[in-house]
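Colleague: Just to be clear, the model below is a prediction. Sequence and coordinates:
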Amino acid sequence: MSGSSILVYAERVGGNLGEIEKLLKGPLKDFEGIHVLPFFHPYDGDDAGFDPIDHKIVDPRLGNWSDFKRISETHELTADLIVNHASYLSPEFLDWQEKGEKSEFNGLFLTFDVVFPNGGTEDGITSFYRPRPGLPFTAYEVDGRRRLVWTTFMPSQVDIDIKHEAGQKYLRNVLEALKSGGVKVVRLDAVGYAVKTPGTDSFMTPETLKFVEEITELIHSYGMRVLVEVHAHYTQQQAIAPLVDLIYDFQTAPLLLHSFFTGTVDKLDLWFQQRPTNCLNVLDTHDGYGVIDAGPISGKPGLITQDDMAFIFEKAAENTGGHSNIASVVPQWFTLPHQINATLPNILANDTAYFISRAVQFFLPGEPQVYYVGLFNGMDDVELFRKSDQGRDVNRHNYTPLEIENALKQPVVQAIIALARLRKHNAFNGNFAWAINGVDQLTLGWDNGDDEISLSFVTRVGAPSFKIEVVTNGVSQSFTSVEEFQNYR
C-alpha cells in the first residue's frame, strides 16, 4: 500500500512554496506525497487558480519550477491538468478573439456550432448537465462577430475543444511542462464535462470514458500516474476506476456523516463490499464536503436515499449554527446542494468523531490524502466567505506561519500526523478485512504475519468511541483517545 499525502493551496499554507517545503521537512515529514492545487499564473483568478491564464508556468508570487523539482525529490508531487477549460484572459483566447479563423489557436475553444452543427433544439440544449445554475454558454465577440462559446463552469472559464488538434496540442504542451517540473501524478480536473455529446447530459458518458482512456495513455507515455476527479453516482466511479491509476473515493465521506448522525454503520458496510481498491481516500476537499456522491442520481438509487441526504444537511446546519445552509449552493435542476460548504471539524462538532473519520480514511485500502484545513483542525472562515460571497471559501482559510504553528499544538492535529506515521506500518502491506459488530460498531483491520493493526469504532450518537490496536513483532500497543494516540511512534 502507498503512503499518505496532503492537499494544499500554495498561497494558503504559509504563503508560498518555501513555507510548504519547510513543513514537509519538519512537522509534516511523515506524509509522503503532496498535491498542490493550481499554482499556475494566476493562482488567484475567478476560480482560485482553476482558470489559468498560463497553464505552463508557476505564478512567481508562489515560487518557480525549481521549488517543485526539489519537493519532488522527496515527495510524490501531484498537479492538475485542467482538461475542460482555460481563462478568457489567456493569450490563446485573446489571440483568437482578435484574429478569428486566422489565429493559430482557431479551433482550440469550443463553440456552440461545433457541438450543434445543424442547430440545437430546446431539448438538446437543456439536457446538458452543469454544476452551476443557467446554461453553459457565453457570448463573446470574435473577429467582429458574436460567438457562443461553451463555458461549463463560469463565463471566465472558456471550454477547450479536446477533439480538435489545437486542443490536443494545448494539453500536450501543459503535460510537458508538468513533467519537466517533477510532477509524478496528474489529476484530470473536470474531465467528466470535457466531451459534449448531443442527446445526452454530456457528463460521464461512454464518450467521456473513451477520452479518459486516451488521455491516460498519453499521460502514461510521459511516465506519470493518472488520478481522475469525478463527482458522480457511485456506479460511474466503479466504471472509471479500471481505466486510471487512481480514482477518488468520494462515497466514504458522506457515509461517515450518515453513520455518526444516525448511529449506524450498515451503509459503510454496503460500500466496503464494492469499493474499488485503487482509491485516493479523501474526506473534506477544496470544493467542500461531498454528499451527492453517495446519493441517488438520475433515477439511480444511491448508497443512501434523498431523505438521508437531507438529514445530513440538516444535522450539518445544526452543528454549524445554520451557516452551512447559507454557504452551500443548490445546482440547476437539483433540490439539495452537492456538498456541504463547511469544515469537517465544524460539521461533526466532536473531536472523537472527527478523529475516527480520519482513522477510517487511513485504514481503508488506497492512498489517504488530508486537506490542509482539516489537517489543521480548521473552523469555518466566515469572514472570508463574507468578503468573497463564495461558499467554498469557508473551507479555504489562508493560514499564516504563526497560525500553522499554533494549529500543530492541538492534540487532534498531532493525532492525524500520527496516523501518517502509522500508515507506514508493515501491517498495511498485508491483508485487509472489516467486520460489523452490532448496529453501531465497525472494525477495520490489517494482518501481515506478526504485524497486525485494527481500528474498532462505535458511532453511537453523541458518544462515539474507538480503539486502535497495533501489534509490531509481537509487541502490542492500544489507544482509546486522541490524547493517547497523538504520541504514537
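Modeller: Perfect, thanks for sending it.

Colleague: Please, which helix or strand holds residue 270?
Modeller: helix 266-272 (DSSP states H and E).

Colleague: Disregarding residues adjacent in the polypeptide, which is nearest to the residue of the chain positioned farthest from its centre?
Modeller: Residue farthest from the centre of the chain, counting by C-alpha atoms, centre = their mean, is residue 144 at 39.9 Å. Spatially, and ignoring its direct neighbours in sequence, residue 144 is nearest to residue 100 (7.8 Å; C-beta to C-beta, 6 or more residues apart in numbering). Just so you know, the C-beta spots here come from the backbone N, C-alpha and C atoms, and that holds for glycine as well.

Colleague: Test for you: state the pLDDT assigned to that neighbour.
Modeller: According to the model's per-residue confidence, residue 100 sits at a pLDDT of 97.

Colleague: Contacts only, for it.
Modeller: Taking C-beta atoms under 8 Å, 6 or more residues apart in numbering as the definition of contact, the neighbours of residue 100 are 106, 142-145.

Colleague: distance of the one residue sitting closest to the centre of the chain from residue 487?
Modeller: Taking C-alpha atoms, centre = their mean as the criterion, residue 285 is the residue nearest the geometric centre of the chain, at 5.0 Å. When distance is defined by C-beta to C-beta, to the nearest Å, residue 285 is 29 Å away from residue 487.

Colleague: got it, and residue 407?
Modeller: As judged by C-beta to C-beta, residue 407 and residue 487 stand 18 Å apart.

Colleague: Check residue 59 too.
Modeller: Shown here: residue 59 relative to residue 487, a distance of 39 Å by C-beta to C-beta.

Colleague: remind me which residues of the stretch 251-400 of the chain are low pLDDT?
Modeller: For the stretch 251-400 of the chain, residues meeting the criterion pLDDT under 70 lie at 332-333.

Colleague: which residues in it form strands?
Modeller: 279-281, 289-290, 339-340, 367-371 (DSSP state E, counting those that start in this stretch).

Colleague: ok, and which of those strands has the densest surroundings?
Modeller: For the strands of the stretch 251-400 of the chain, the stretch with the most neighbours on average is strand 339-340, a mean of 28; neighbours defined as mean count of other C-beta atoms under 10 Å.

Colleague: Now do it: which elements does it pack against?
Modeller: Using 3 or more C-beta pairs under 8 Å, 6 or more residues apart in numbering; DSSP states H and E as the contact criterion, the elements in contact with strand 339-340 are strand 289-290, helix 306-319.

Colleague: can we see that at 10 Å?
Modeller: Using 3 or more C-beta pairs under 10 Å, 6 or more residues apart in numbering; DSSP states H and E as the contact criterion, the elements in contact with strand 339-340 are helix 252-262, strand 289-290, helix 306-319, helix 323-327.

Colleague: Tell me which other helices or strands the first one touches.
Modeller: Helix 252-262 makes packing contacts with helix 266-272, strand 279-281, strand 289-290, helix 306-319, strand 339-340, helix 344-348, helix 351-363, strand 451-458 when contacts are defined by 3+ C-beta pairs under 10 Å, 6+ apart.

Colleague: quick one: it to helix 306-319, angle?
Modeller: If you take axes from the mean of the first three to the mean of the last three C-alpha atoms, to 10 degrees, helix 252-262 sits at 70 degrees to helix 306-319.

Colleague: start at 37 instead
Modeller: Taking 37 as the first residue, the last one we looked at is helix 288-298.

Colleague: Have a look at residue 95 and residue 523 and say which one is more surrounded.
Modeller: A side-by-side neighbour count of residue 95 and residue 523, using other C-beta atoms under 10 Å, places residue 95 first with 22 against 11.

Colleague: tell me the phi and psi of the more buried one?
Modeller: Backbone dihedrals for residue 95, given as degrees, to the nearest 10, come out at phi -60, psi 120.

Colleague: Is it correct that it is in contact with residue 72?
Modeller: No - with contact defined as C-beta atoms under 10 Å, residue 95 does not count as touching residue 72 (11.2 Å).
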